[in-house]
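# with the input below, show me the fold.
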Amino acid sequence: MSKARFVTTTALFTATLICVQLVLSGVGGVELVTVFFLAFCFYMGIRSGVAVAICFSLLRCFLFGFYPAVIILYLIYYPLFALFFGWFGNKFGHNITNVKFFFIVLFSVFFTALFSMLDCAITPLIYGFNNRAWLAYVYSALPFMATQIVCVIISVSILFIPLVKGFEKISHYTHS
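Next up is the predicted model:
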């Protein structure tokens with residue numbers, strides 16, 4: 001991929017993720033960023049995924065505010081997500097078998113839970129919560145995490161394959 005195409009792809013998909021996040025930002029626990037970013041990383045690979053992860057993590061701060069815990073959380077989580085799913089797509093290929101699809105859904109659930117658990121570790125450290133406040137924070141995060149996990153299971157099960165096929169078609173047309 002040429003440098004111009006790489007920069008354009010990064011910019012366009014970063015903007016797409018911001019739009020996807022804005023669309024459902026008012027509905028707690030319901031999000032589609034995971035499935036869009038998952039399909040992108042799976043198909044486009046580690047380099048493109050990490051570039052978008054960093055751009056998305058920083059750009060969203062301009063839109064939603066610069067909160068230290070969120071900046072740290074996003075700059076840890078999204079590049080890690082991109083590394084894993086970019087590697088997974090490269091290692092096991094883009095043809096999606098039932099077994100591979102099962103593991104994609106399973107790992108997307110794992111990463112969704114990881115996001116919440118990282119938040120439960122980072123935010124209290126940044127703001128200096130005592131043990132009691134930390135426990136309250138963790139318990140208050142559990143229903144939100146459960147809702148997100150259900151959303152991710154549904155969204156990845158329904159949208160992942162069509163999104164990967166879409167990236168495949170876009171990639172085919174842009175390389176011709």
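# report the buried residues of stretch 18-27.
Buried residues in stretch 18-27, counted by 16 or more other C-beta atoms under 10 Å: Ile18, Val20, Gln21. C-beta: built from backbone N, CA, C; applies to glycine.
# swap in stretch 2-15?
Buried residues in stretch 2-15, counting neighbours by 16+ other C-beta under 10 Å, are found at Thr9, Thr10, Phe13, Thr14.
# look up how far Leu159 lies from His141.
Quick fix: residue 141 is Ala, not His. Going from Ala141 to Leu159 by C-beta to C-beta, to the nearest Å gives 25 Å.
# now do Ala53
Using C-beta to C-beta, Ala53 is found at 19 Å from Leu159.
# list the contacts of the most centrally placed residue in the chain.
With distances taken as C-alpha atoms, centre = their mean, Thr34 lies nearest the centre of the chain, 3.9 Å away. Thr34 makes contact with Ser108, Phe111, Thr112, Val152, Ser155, Val156 under the criterion C-beta atoms under 8 Å, 6 or more residues apart in numbering.
# that one: which element?
For Thr34, the enclosing helix or strand under DSSP states H and E is helix 33-44.
# after that helix, next one along is what?
helix 46-64.
# run the angle between that next one and helix 33-44 for me.
Using axes from the mean of the first three to the mean of the last three C-alpha atoms, to 10 degrees, the direction of helix 46-64 lies 150 degrees away from that of helix 33-44.
# which parts of helix 46-64 are buried?
Buried residues in helix 46-64, defined by neighbour count with 16+ other C-beta under 10 Å: Ile46, Ser48, Gly49, Val50, Ala51, Val52, Ala53, Ile54, Cys55, Phe56, Ser57, Arg60.
# what of stretch 100-119?
In stretch 100-119, counting by 16+ other C-beta under 10 Å, buried: Lys100, Ile104, Val105, Phe107, Ser108, Val109, Phe111, Thr112, Phe115, Ser116, Leu118, Asp119.
# returning to that earlier point: and the buried residues of stretch 18-27, which is closest to Val164?
Nearest to Val164 out of the buried residues of stretch 18-27 is Val20 (C-beta to C-beta; 15.9 Å).
# ok, now which ones touch the closest one?
Val20 neighbours (C-beta under 8 Å, 6+ apart): Glu31, Leu32, Val33, Phe36.
# and for His94?
His94 touches Phe42, Tyr43, Val164, Glu168, counting by C-beta under 8 Å, 6+ apart.
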